[in-house]
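Novice: Provided below are the primary sequence and the corresponding predicted coordinates.
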Amino acid sequence: MQKYWGVILAIGILTSCNEEKQPSAEISEVRIMEEPVVVKQYGFDLNNFTVQQDTVRNGDSFGELMLRNKVDYPKIAKVSEEYRDTFDVRRIMVGKPYVILKSKDTSETAQVFIYENDRINYTVVDLRDSVVAYKNKKEVKYVQREASGIIETSLSEAILDQGIDYNVTNNLSEIYAWTIDFFRLQKGDKFRVIYKEKFINDSIYAGAEPIEAAYFEHSGKPFYAFNFEADSLKNLDDYFDENANNLRRTFLRAPVKFSRISSRYNLKRRIRYYGYKVRPHKGTDYAAPVGTPIMATANGTVTESTRRGGNGKYVKIRHNGTYSTQYLHMKKQNVRKGDFVKQGDIIGWVGMTGNTGGPHVCYRFWKNGRQVDPLRQKLPAAEPMAQALRPKYYDFISPIKDQLDCIAFPEIEPEEELLTLNQ
């Protein structure tokens, strides 16, 4: 038996050795430990919090939102009292998005409140430990865009047809306010623009920056405009033509943005309602929806902000010893007597107070105490460019002008071809 056990043992050892030398037919399971994906927004790793996203609703207040999320009253009071310049809790607006970052424990206490002022800017109220509030902004990517159009019916339609941000319409009308009458554009007028579009996270559109350069052809005459920093100390820029002439005037062309003139200054106006008697109209009416902002057309001091008779609610501004302006039929004023206002400041909103058949602002213009037609006045230009800056300006605009001139206009099908296609 010992002999047989030896043989069996030897075979067992050989078999065991052979098994060790042969590679295993089974593939052992390999486990890869994945790192958690870091989701970072507003400067915080959202994985560390329970995230609540919402918008401000009617009746919401900062205090109520915080109490609802288990924040102690002393912390709420500290935010409202000590950080009013950074975050005025009284001015949170209905419809604005906000985010609350809560602790991940069972209490889910609010630790951070983030209020989105707009698509780019936001305010952070950090409630952990000692309260801190600060402003910040999302990372924005700027992409330069070239665009052009040919006017068939209106500038706004030509802009929208090319998929251009509507704010570019307002920007163009402001740049050329004293060079081109945008209420009398002609079919076939053309434009080219260079501007930047803003994107958040490379994909979310966040609006258009002011126009960098523009070309407008009106009645066959070309008009160039280039944005240039003429005062580096005050960080002020303006629009100039190819000869360094300032396109701005001391007065805006109109007190509302890109509305239409519904009634012009006319001393011989006859109205059917009054038996066609002459009733002079010493203002220029700009039709616009109720609530449209009304702007001061130049710097000055408010001399009247009241309501009277057919004028309804109005504001009058004294700009200097020569010029004054008045804005009638407001829904509401935004300034008081004695206030100093700057060109472009919102002084009220379009309404229908007083004698008016529809929403508009009646814009009246005084020169040396006499009412005149503002559209026929030769008003002083804004401060000209310093002679020392002109060589730098010409070098700056040279490549931009070449870029503008190379932008192609969209092709418009001839009317005859359109008629053939429609038949």
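Specialist: Happy to help now that I have it.
Novice: quick check: residue 222 vs residue 163, distance?
Specialist: Applying Cβ to Cβ, to the nearest Å, the value for residue 222 to residue 163 is 25 Å. For the C-beta atoms, the positions are set from N, CA and C on the backbone; glycine is no exception.
Novice: whoops, I mixed them up, residue 82
Specialist: Per Cβ to Cβ, residue 82 is found 46 Å from residue 163.
Novice: so between the two, which is more surrounded?
Specialist: residue 82 (11 against 8; other Cβ atoms under 10 Å).
Novice: how about that one: what's its closest non-neighbour residue?
Specialist: Residue nearest to residue 82 in three dimensions, not counting chain neighbours: residue 131, with 7.7 Å by Cβ to Cβ, 6 or more residues apart in numbering.
Novice: return the distance of the one you found relative to residue 81.
Specialist: From residue 131 over to residue 81 the distance is 10 Å, taken as Cβ to Cβ.
Novice: show me which of those two is the more surrounded one.
Specialist: Between residue 131 and residue 81, counting by other Cβ under 10 Å, residue 131 is the more crowded of the two (17 against 9).
Novice: tell me if residue 79 really is in a strand.
Specialist: No - counting by DSSP: H, G, I helix; E, B strand; the rest coil, residue 79 falls outside a strand, being helix.
Novice: isn't residue 251 right up against residue 378?
Specialist: No - judged on Cβ atoms under 8 Å, residue 251 makes no contact with residue 378 at a distance of 11.2 Å.
Novice: what about the two, which has more around it?
Specialist: Comparing residue 251 with residue 378 by neighbour count (other Cβ under 10 Å), the higher total belongs to residue 251, at 23 against 7.
Novice: please, where are all the helices along the stretch 1-150 of the chain?
Specialist: 2-21, 62-68, 73-82 (DSSP state H, counting those that start in this stretch).
Novice: buried set for the last one?
Specialist: Right, the one you point to is helix 73-82. 75-76, 78-80 (16 or more other Cβ atoms under 10 Å).
Novice: any chance of these in a markdown table with pLDDT as columns?
Specialist: Converted to a markdown table, the buried residues of helix 73-82 look like this (pLDDT from 0 to 100):
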| residue | pLDDT |
| --- | --- |
| 75 | 92 |
| 76 | 93 |
| 78 | 93 |
| 79 | 93 |
| 80 | 91 |
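Novice: among these, which pair sits farthest apart?
Specialist: The widest separation within those, taken as Cβ to Cβ, falls between 75 and 80 and amounts to 10.0 Å.
Novice: residue 174 - that's part of a strand, no?
Specialist: No - if the criterion is three-state DSSP, then residue 174 is helix and not within a strand.
Novice: what's the local residue count around it?
Specialist: Using other Cβ under 10 Å, residue 174 has 20 other residues around it.
Novice: per-residue confidence at it?
Specialist: In this model, residue 174 is scored at 82, pLDDT.
Novice: just residue 207 next, same as before
Specialist: Residue 207 is given a pLDDT of 89.
Novice: so it makes contact with residue 143?
Specialist: No - counting by Cβ under 8 Å, residue 143 is not a contact partner of residue 207; they are 12.0 Å apart.
Novice: can you pull the residues that touch both of those two?
Specialist: Shared contacts of residue 207 and residue 143, defined by Cβ atoms under 8 Å, 6 or more residues apart in numbering, are found at residue 197.
Novice: looking at these two, which one has more neighbours?
Specialist: A count of neighbours by other Cβ under 10 Å puts residue 207 above the other of residue 207 and residue 143, at 14 against 11.
Novice: the spatially closest residue to the more buried one that is not a sequence neighbour sits in which helix or strand?
Specialist: Nearest residue to residue 207, sequence neighbours excluded (Cβ to Cβ, 6+ apart): residue 198, at 5.4 Å. Assessed by DSSP states H and E, residue 198 sits inside strand 190-200.
Novice: element containing the residue most central in space within the chain?
Specialist: The structure's the chain has its C-alpha centroid closest to residue 207; by Cα atoms, centre = their mean the separation is 6.1 Å. Here residue 207, judged by DSSP H and E, is contained in strand 204-208.
Novice: that strand pairs with which strands, and in what direction?
Specialist: strand 190-200 (antiparallel) (DSSP bridges).
Novice: what's the spacing between the partner strand and its chain's center?
Specialist: 13 Å (Cα atoms, centre = their mean, to the nearest Å).
Novice: residue 110 and residue 134, how far apart?
Specialist: 17 Å.
Novice: which one's more surrounded, the two?
Specialist: Applying other Cβ under 10 Å to residue 110 and residue 134 shows that residue 110 carries more neighbours, namely 23 against 13.
Novice: beta-bridge partners for the more buried one, please?
Specialist: The partner residues for residue 110, given DSSP bridges, come to residue 102.
Novice: what's the answer for residue 145, then?
Specialist: residue 195.
Novice: from here on, count from 52
Specialist: Sure, I'll start counting at 52 from here, so that last one is residue 196.
Novice: mind listing what it touches?
Specialist: Shown in contact with residue 196 (Cβ under 8 Å, 6+ apart): 245-248.
Novice: just the closest of these to residue 334, please.
Specialist: Using Cβ to Cβ, the contacts of residue 196 come closest to residue 334 at residue 246, 34.3 Å.
Novice: returning to that earlier point: buried set for the strand holding residue 249?
Specialist: Going by 16+ other Cβ under 10 Å, strand 241-251 has these buried residues: 241-250.
Novice: ditto for stretch 219-230
Specialist: So stretch 219-230, judged by 16+ other Cβ under 10 Å, has buried residues 219-220, 222-230.
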